[in-house]
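> based on what follows, work out the 3D shape:
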Amino acid sequence: MPQLMRPLFEVALVEPEIPNNTGNIGRTCVACGCRLHLVHPLGFDTSEKACRRAGLDYWPRLDLTEHASWNAFEPLLEQRRVWVFSTKASRSLYDASFKRGDLFMFGRETAGLAPEIIAKYSDRLLHLPMLAGERSLNLATVVCAAVYQGVGRLIAQGEVEVDGAGRLTL
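Numbering: from 1, shown residues only. Prediction:
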């Protein structure tokens, strides 16, 4: 799989459970020049055969790193500027100042991130604003919204451009 020289953002899914969500998130990452990290255990198979059977024709273009466990992944976070997305956050993603190379971390679809992760990154917690009483959004939707909010910020800062055909130029 290709390694991006300088990805716009890095997206980390910690113990994702639903293959269709991860597939959609992978497609967003390919479209926006982002690197995807999958932290095991996964609720599905990512073998070449499974991806082919699922029709993930873009998967070979995805900059993907799989990590055997949280303990194997966590040291990477010391080298990154991390934003943690959670329904438990009180700060909106619109209040964050994203920079190229930031890592956006998301938890499992059914349970989110472990309480100790939430506590450790409490100053980096973000959420997408929604109406009171509504359930959380689909994981793929939240990742896409976060990545494109970040892309919009990079465009506004002049770090990324959109060409005449409407395509991102990295």
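> quick one: low-confidence parts of the chain?
Under the criterion pLDDT under 70, the flagged ranges of the chain are 1-2, 47-55.
> which residues of it fall in strands?
10-14, 35-39, 63-67, 82-85, 103-106, 125-126, 161-162, 168-169 (DSSP state E).
> next, format the ones you listed as JSON lines and append distance to residue 134 and mean neighbour count.
Quick note: C-beta positions are derived from backbone N, CA and C, even for glycine. Shown next, in JSON lines, are these (distance: least, CB to CB, whole Å; neighbours: other CB atoms under 10 Å):
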{"stretch": "strand 10-14", "distance to residue 134": "22", "mean neighbour count": "23"}
{"stretch": "strand 35-39", "distance to residue 134": "27", "mean neighbour count": "22"}
{"stretch": "strand 63-67", "distance to residue 134": "32", "mean neighbour count": "16"}
{"stretch": "strand 82-85", "distance to residue 134": "16", "mean neighbour count": "22"}
{"stretch": "strand 103-106", "distance to residue 134": "18", "mean neighbour count": "23"}
{"stretch": "strand 125-126", "distance to residue 134": "17", "mean neighbour count": "21"}
{"stretch": "strand 161-162", "distance to residue 134": "32", "mean neighbour count": "11"}
{"stretch": "strand 168-169", "distance to residue 134": "31", "mean neighbour count": "12"}
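> may I see these arranged in TSV, with distance to residue 96 as well?
Output for those, formatted as TSV (distance: least, CB to CB, whole Å):
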stretch	distance to residue 96
strand 10-14	15
strand 35-39	19
strand 63-67	23
strand 82-85	6
strand 103-106	10
strand 125-126	6
strand 161-162	22
strand 168-169	20
